[in-house]
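Participant: return atomic coordinates for the entry below.
(chains A, B, C and D)
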Number of protein chains: 2
Amino acid sequence: MQKSHEDRQSAAPAYHVDRQVGFFLRQANQRHVAIFANAIGDKLTTTQWSALSKLKEIQPCSQNQLGRETAMDVATVKGVVDRLVKRGFVATAPDQNDGRRVVLSLTEDGLAVIAANVGAAVAATEETLAPLTSGERMMFLELLQKIC
Amino acid sequence: MQKSHEDRQSAAPAYHVDRQVGFFLRQANQRHVAIFANAIGDKLTTTQWSALSKLKEIQPCSQNQLGRETAMDVATVKGVVDRLVKRGFVATAPDQNDGRRVVLSLTEDGLAVIAANVGAAVAATEETLAPLTSGERMMFLELLQKIC
DNA sequence: AATTTTTCATTTGTATGCGAATGAGTATCA
DNA sequence: TGATACTCATTCGCATACAAATGAAAAATT
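Facilitator: From the prediction side, this is the model:
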């Protein structure tokens, strides 16, 4: 078998975008977002869901803190929170001790929408990992966390 | 040790957003995009890089086909291609046989910018996977592909 | 040949996601 | 106290990402 022109020129293997981690990460994320959107009943995005869920754990808290806890940029979390406030899931109040802060908390509706969709969120996680066996899932999650 | 209220109510484990695949996938992708942006010298995004690299493999081709090959929505690939055309990396021409199609191809500058940045792209992949050992990388990529 | 379906490209609207800049408020420290 | 540094929230610009709708052209079907 004759060697290809490329192989004759250098020992470096051919570059293929569709074999790079970044390419797969983007696709895997895309697939999960689609699964989540399909599973959830109340038109909540993955980031909105993250914000709501995290807020339930750490409320009351400032907007920036929520952003840090959910790995969102300040500009990003601003938009996410704005939409959640607009829909009545999150309430804002000025901080008494710090004039800069806006204190975030969940409303009744916010708590209700979380309760109503936890099942779907769990199902979305399950469906995303469906192609993997139980052992593969543990291994995958462990490795995935390492590159975050 | 007394059982928590939650445990008494149900056998279901507590839900934590920051332990779900989706949460990690988003973060891992974020980190890679940041690494890539930092490594590349010519202000190319990961999607723009995907489009250019793939185009080099399959040119000439239509816009929609490029979108399918790079896992991009028709609306998304439109914007990506527009910016690449604007910067002179991609040329468009009407298809002789099909009045709907726009035939895409790389320009001289397009080929040059790819050549000038392959090294950085490889380095970005390397840095993204840096937290993993060689064996872990193979395992991770294999599992990641399964959930795409 | 006429109808239906599919494909292609485009546009609109909504939602992230980040860099960078700004202004207001707080904390630190000389 | 006064200068400096930091934090918080906001805003602007740019770049994905998808749903949905549109119009034009091609392919498949009857």
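Participant: from here on, just use CA atoms for contacts and neighbour counts.
Facilitator: OK.
Participant: partner residues bridging the nearest residue to A:Leu84 once chain neighbours are set aside?
Facilitator: In space, and not counting its chain neighbours, A:Leu84 is closest to A:Val90: 5.7 Å by C-alpha to C-alpha, 6 or more residues apart in numbering or on different chains. Per DSSP bridges, residues listed as beta-bridge partners of A:Val90: A:Leu106.
Participant: wait, doesn't A:Val90 sit right on A:Leu111?
Facilitator: No. Using C-alpha atoms under 8 Å as the test, A:Val90 is too far from A:Leu111 to be in contact (9.2 Å).
Participant: DNA strand D contacts on chain A?
Facilitator: A:26, A:30-31, A:34, A:62-65, A:74-75, A:78, A:100-103 (C-alpha under 7 Å from any atom of the strand).
Participant: which one's more surrounded, A:Val90 and A:Leu111?
Facilitator: Neighbours around A:Val90 and A:Leu111, counted as other C-alpha atoms under 10 Å in any protein chain shown, are more numerous at A:Val90. The numbers are 22 against 17.
Participant: OK, contacts around that one?
Facilitator: Under the criterion of C-alpha atoms under 8 Å, 6 or more residues apart in numbering or on different chains, the contact list for A:Val90 reads A:81, A:84, A:104-107, A:110.
Participant: save those as CSV, and put in distance to B:Ala120, neighbour count and pLDDT too.
Facilitator: Rendered in CSV, the data for the contacts of A:Val90 read as follows (distance: C-alpha to C-alpha, whole Å; neighbours: other C-alpha atoms under 10 Å in any protein chain shown; pLDDT from 0 to 100):
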residue, distance to B:Ala120, neighbour count, pLDDT
A:Val81, 36, 23, 97
A:Leu84, 39, 19, 97
A:Leu104, 42, 23, 97
A:Ser105, 44, 22, 97
A:Leu106, 44, 22, 98
A:Thr107, 47, 15, 97
A:Gly110, 45, 22, 97
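Participant: show me the shaky parts of chain A.
Facilitator: Residues of chain A that meet the criterion pLDDT under 70 lie in A:1-10.
Participant: swap the cut-off to 50 and go again
Facilitator: Filtered on pLDDT under 50, chain A yields the residue ranges A:1, A:3-4, A:7.
Participant: what about the strands in it?
Facilitator: If you assign secondary structure with DSSP state E, the strands in chain A sit at A:61-62, A:90-94, A:102-106.
Participant: could the ones you listed go into a markdown table alongside distance to DNA strand C?
Facilitator: What follows is the strands of chain A, written out as a markdown table (distance: least, C-alpha to the nearest atom of the strand, whole Å):
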| stretch | distance to DNA strand C |
| --- | --- |
| strand A:61-62 | 13 |
| strand A:90-94 | 10 |
| strand A:102-106 | 11 |
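Participant: export these to JSON lines and tack on distance to B:Trp49?
Facilitator: Output for the strands of chain A, formatted as JSON lines (distance: least, C-alpha to C-alpha, whole Å):
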{"stretch": "strand A:61-62", "distance to B:Trp49": "37"}
{"stretch": "strand A:90-94", "distance to B:Trp49": "39"}
{"stretch": "strand A:102-106", "distance to B:Trp49": "39"}
